[in-house]
Structures are given as structure tokens and as C-alpha cells.
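Chemist: Turn this into a model:
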Amino acid sequence: MSGGQKLALGGTVAVAIVAGVLNYTGADEVLVFVVAGLALAGLAWLVSFATEQVGARFGPAITGFLQSTLGNLPEFFIVVFALSAGQVVVAQTSIIGSLFANALLVMGAVIVVGARHSEDGCMRFRKRLPNDTATLLLVASFIIVVVGLALHSAGRAARHTDQISAVGATCLLVVYAVWLSSYLRSDDPPRQAEGGRPAVTFGPALGMLALGGVGAAVTSEWFIDALAPAISRIGISPAFAGLVIVAIAGNAVENFTGIVLAAKGKSDLAVSVVKNSVAQIAAFLFPLLVLVSLLFPTSLTFAVGPVYIGALFLT
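Modeler: Predicted coordinates for the structure are as follows:
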């Protein structure tokens, strides 16, 4: 690793430690909120760097799946913590917001950055991987939309929200498992790294990925603990907080990673990371959390608001 990379790694660890100290010493909630957000950004850089090193050995499908899985850990714990606190609105809107943020905001930013990096102003990438993930996202969105519309009807289905959501979640997980097995087997070989040898060896790169994912999950808990007092001072609604603030913060890893990879000209890996994240949220994270929520007094369901159903269908 270069001196600058070692300095960034040390700074990330230091900020995360400061965030933990502030959280457990009862410091001002707004200060904890800001420092935890900075720690999340640093951990996002760590995962981005480690993903790039792992990507030198595997194709974009495997690397994108690995990074998206670790990157979605904060979102998973954010929703679990929100459900345990009875904040169903924040939990539900944060997942929907994550879909919108990654599929629209982050993907658009990746394309803009990738196009600016290209000499002719056009970002190019192999279409096989994004086509595969787009197909999965279409199937997952269709199931979520159909179940959501059924639950909002005036029929008998509306009286069995938890049961129908659980059945829909199980179907989504089965679809995701079947898709994932063929998706990973069809991975293309990695392209030759532009910078020669990787900055770190394979073992430390995997360790950094795990450290970044787990660290982001822990930091997200501190972030959520300080979120409620912070938004109370600002005066925004829980729906807006979940749809915008929590969704973007919970996916900081994918946001930062995709943009950095696009800026370095690694178009295939950048698109794979973002598209994997979107498809994984819809087909794996959302249904998994629906089933996990059955253990809590307040359950997470697919009965989202009609405006969210319409936006998800269009997305």
C-alpha cells in the first residue's frame, strides 16, 4: 500500500473509534450523527479499495456480488434496529429509498463519471452482467408490486398482510437463489489490471472487505441511534428520513465504490457493483427482512404506499 492509502486507512479507523467513543459517552446526538456519517464514508472508501484489489483476481460478477453483499450489511442492521424500536415507517421507506437511490441516483452518477473519464465522453461496459441483474430486478419488482396492490385492495387479501407478505418473500428468495447460482457460474474472466500488481495481496484484501462491512454495520447502529434526535431538531418527517437520509447513508458503501470505480475507468466492475446492489435489495434483502420481522412485534410487509408502488414499477 502507498503512504496515502495507509494514511486513509488509519484515518478511517480513527474516525470510527471516535464515533464509538462519542456514542457510548453520551455526547451530543447531532455530533454523533455527523461523526458516524464521516465514519461510514471512510468505511465506504475501505470497501471500495478492497473491492478493487479482489476484482483483479475475479470477474466483475463475483466481485460485484461480494461487494454488494457486504455493502448491504448496514442497510440490514438499520432496518432491524428500526423494527426493534417500532419505527416501521423508517424501516420500510429506507428499503424503498435504497432501491431508488441506487437505481437512479447512484447509477446516474456512475454513468456521468464514467463518461467523463472516457476520451470520447461515452461510458462503455459489457452488457451481459447488467442485463442479468436488470432481469432479476424486473421479476422482483413485479412480485413486490403485485403483492402490494393485492394488500391495498378491499378484498380478503388485505386482512392477511403478514401471511401474504411472507409467501411473497419466500418466492423472491427462491428466485434469487436460482438466479444467483447461474449468475456466478457465468462470470467473465477479469481483465488485466491497468496498474500491474495489486496494492495488497488477496488475504488482506478479503480481510479489509470484511472489516469494512462489519464496521459499517456497527457504525450504522450509532448513526440510527442519533438519527431520531437529529431529525427532531431539524423538523423533518420519519418518512423523509427513511426515504432519503437513511437510504443514502445505509448505502454509502455502494455509492462511493461505484463512483470511484467509474472514475478509474473500471466500467464493468462499477456497473456490476451498482446493479448487483439494486437487484440484491429487491430480491434478497427486502424479502429476508420481511421474514426476519416476523420475530418482532411490528412486522415489515410489502404493503407499501401506492405512490411508492407506482415509483417502483416505473423505476
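Chemist: Val273 versus Ala177, what's the distance?
Modeler: 21 Å (C-beta to C-beta, to the nearest Å). The C-beta positions use only the backbone N, C-alpha and C, and glycine is treated the same way.
Chemist: between the two, which one's more packed in?
Modeler: Val273 (34 against 11; other C-beta atoms under 10 Å).
Chemist: Just the pLDDT for Gln192.
Modeler: Looking at Gln192, its pLDDT stands at 49.
Chemist: actually Ile248, not the one I wrote
Modeler: In this model, Ile248 is scored at 74, pLDDT.
Chemist: Surely it is in contact with Ala101?
Modeler: Yes - assessed by C-beta atoms under 8 Å, Ile248 is found in contact with Ala101 at 5.4 Å.
Chemist: list the residues that contact both of these two?
Modeler: Asn255 (C-beta atoms under 8 Å, 6 or more residues apart in numbering).
Chemist: who's more crowded, these two?
Modeler: Higher neighbour count among Ile248 and Ala101: Ala101, with 24 against 19, using other C-beta under 10 Å.
Chemist: How about the contacts made by the more buried one?
Modeler: Taking C-beta under 8 Å, 6+ apart, one finds Ala247, Ile248, Asn251, Asn255 in contact with Ala101.
Chemist: Would you mind listing where the stretch 201-315 of the chain has pLDDT under the threshold?
Modeler: The stretch 201-315 of the chain contains residues with pLDDT under 70 at 250, 252-254.
Chemist: how about 90 then?
Modeler: 201-283, 285-286, 293-315 (pLDDT under 90).
Chemist: And the strands in it?
Modeler: Read by DSSP state E, counting those that start in this stretch, the stretch 201-315 of the chain holds no strands at all.
Chemist: And the helices in it, which stretches?
Modeler: Counting by DSSP state H, counting those that start in this stretch, the stretch 201-315 of the chain has helices at residues 202-234, 238-240, 247-250, 252-263, 267-280, 286-292, 306-314.
Chemist: could you dump these to TSV with distance to Ile96?
Modeler: Compiled in TSV, the helices of the stretch 201-315 of the chain are given as follows (distance: least, C-beta to C-beta, whole Å):
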stretch	distance to Ile96
helix 202-234	17
helix 238-240	10
helix 247-250	8
helix 252-263	16
helix 267-280	12
helix 286-292	9
helix 306-314	5
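Chemist: out of the ones you listed, nearest to Leu83?
Modeler: Nearest to Leu83, of all the helices of the stretch 201-315 of the chain, is helix 286-292, at 7.9 Å by C-beta to C-beta.
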